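Student: Pasting a predicted model and its sequence here:
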Amino acid sequence: MTDTPAMSAADEAARRDEALSSACVDEYLHEPEVGPLAGAAPLGHPCVAQPEQWWPNPGEDPVASFGGVSVSYRATPAVDDVSFPVPRGSIVALIGPSGSGKSTLLRCLNRMNDLVPGCRVEGDVRYRGIDLYAPEVDPVAVRTRIGLVFQRPNPFPKSIYDNVAFGPRTHGFHGDLDDIVERALRRAALWDEVKTRLGERALALSGGQQQRLVIARALAVEPDILLMDEPASALDPISTSRIEDLMRELTPDVTIVIVTHNLQQAARVADLTAFLTSEPHGDGSLVGRLVEFGTTEQIFANPADERTAAYVSGRFG
Ligand code: ADP
Ligand code: MG
């Protein structure tokens, strides 16, 4: 019998991301029925206790929020009791060491964890005041309002045009599709590079272009929130800075929540930052907890917690 080398934690995480990303593509391609987001009645303001200084737009309800959220995978806790708001129009960065639950939390926001067998979400995850996990809420509709961009771009095996037109088509849109495609590609800062080759295969584009195409595909259905899980970590520095510029251009129309392990990136793009870490839990196994949430400026320049100070100054993680 031959031994296969044990998978490293990073390989394992990459394999899981890959599987989820293709599950997401499959879902799109085979289950495109999207109804209205008929949720439970709004539950009121979920974050009244939060200090006002966190809000770029004081007085307005957050577009999304976590309230006491805990997540486990097959009964193994991954995230414990996390609460923070996502104000409308902001860019919120999730930072923290690998395994601290950043991707897990991000996926709670568009019900993507539903596609992970054995994953259980407890607590209060809200979108525009609606409990996202209420039984009446259709997860596929949620994923239209709240798009997810993976680390590795996952265009459909179709043409550039068909990738962007896919969402509006499956929604039964009967207006000028060319117009929608152009607008989404312009918003994703890709139009000039692809306007003469819209019929070509999306997979022939460079990695940076594919990532902007995936963003254009999400934008074509006018999402409210874009979730980005390390969207630039597989890209070269020029493509990375394009993605960062793009994030700035998309807000405040679109709210962005980004996971990044690149602290400079968080400092450059985010208005608000949540710092998570892994801590021993009950039996000594590690679980992700929120240490601190605040303006990016405060988290980096004046952290309230010494664990945050150690992390942002590069002393651990
Ligand atoms: P981060 O994004 O901060 O690196 P993750 O959210 O990927 O952290 O992981 C948090 C914890 O949940 C880790 O212990 C990880 O092993 C576990 N985990 C993540 N995804 C899965 C999965 N699909 N199945 C089982 N455990 C998972
Ligand atoms: Mg992750």
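Tutor: Here it is on my side, so go on. Ligands and ions are numbered 1, 2, ... in the order given.
Student: how about the residues of the stretch 201-317 of the chain that lie near ligand 1?
Tutor: G288 (Cβ under 6 Å from any ligand atom). Every C-beta, even on glycine, is put in place using the N, C-alpha and C of the backbone.
Student: Which residue is the nearest non-sequential neighbour of E182?
Tutor: Sequence neighbours aside, W191 is the residue nearest to E182 in space, at 6.4 Å (criterion: Cβ to Cβ, 6 or more residues apart in numbering).
Student: same check, this time on I243
Tutor: A232 (4.8 Å).
Student: Equivalent analysis for K158, please.
Tutor: Taking Cβ to Cβ, 6+ apart, and ignoring the residues beside it in sequence, K158 has A202 as its nearest neighbour in space, at 6.3 Å.
Student: quick one, phi psi at the one you found?
Tutor: Per-residue torsions, A202: phi -60, psi -30 (degrees, to the nearest 10).
Student: try P223
Tutor: Backbone dihedrals for P223, given as degrees, to the nearest 10, come out at phi -70, psi 160.
Student: Likewise for L246?
Tutor: In terms of degrees, to the nearest 10, the main-chain angles of L246 are phi -60, psi -40.
Student: Would you enumerate the residues in contact with it?
Tutor: Under the criterion of Cβ atoms under 8 Å, 6 or more residues apart in numbering, the contact list for L246 reads A188, A189, R212, I215.
Student: number of nearby residues for the second one?
Tutor: This means A189. Burial of A189, expressed as a neighbour count using other Cβ atoms under 10 Å, amounts to 17.
Student: tell me the SS of it?
Tutor: Secondary structure state of A189, per DSSP: H, G, I helix; E, B strand; the rest coil, is coil.
Student: Please name the bridge partners of the residue of the stretch 201-317 of the chain found nearest ligand 1.
Tutor: When Cβ to the nearest ligand atom is the measure, the stretch 201-317 of the chain has its nearest residue to ligand 1 at G288, with 5.5 Å between them. For G288, the beta-bridge partners under DSSP bridges are V79, S278.
Student: What confidence value was assigned to it?
Tutor: Each residue has a pLDDT score; the one for G288 is 97.
Student: can I assume it is in contact with G96?
Tutor: Yes. When contacts are counted by Cβ atoms under 8 Å, G288 is listed as touching G96 (7.4 Å).
Student: Which neighbours do those two have in common?
Tutor: Common contacts of G288 and G96 (Cβ under 8 Å, 6+ apart): K102, L276, T277, S278.
Student: ok, of those, which one's closest to F66?
Tutor: L276 (11.2 Å; Cβ to Cβ).
Student: check contacts around that closest one.
Tutor: Listed by Cβ under 8 Å, 6+ apart, the contact partners of L276 are 79, 82, 94-96, 100-102, 105, 288-291.
Student: Now with 6 Å, please.
Tutor: With contacts defined as Cβ atoms under 6 Å, 6 or more residues apart in numbering, L276 is in contact with G96, S100, G101, K102, G288, L290.
Student: Can you tell me the element it falls in?
Tutor: Secondary-structure element containing L276, defined by DSSP states H and E: strand 272-281.
Student: mind listing what's buried in that strand?
Tutor: Residues of strand 272-281 classed as buried: L272, T273, A274, F275, L276, T277, S278 (neighbour count, 16 or more other Cβ atoms under 10 Å).
Student: Likewise for stretch 211-223?
Tutor: In terms of neighbour count (16+ other Cβ under 10 Å), stretch 211-223 has its buried residues at Q211, R212, L213, V214, I215, A216, R217, A218, L219, A220, V221, P223.
Student: Cheers, nothing more for now.
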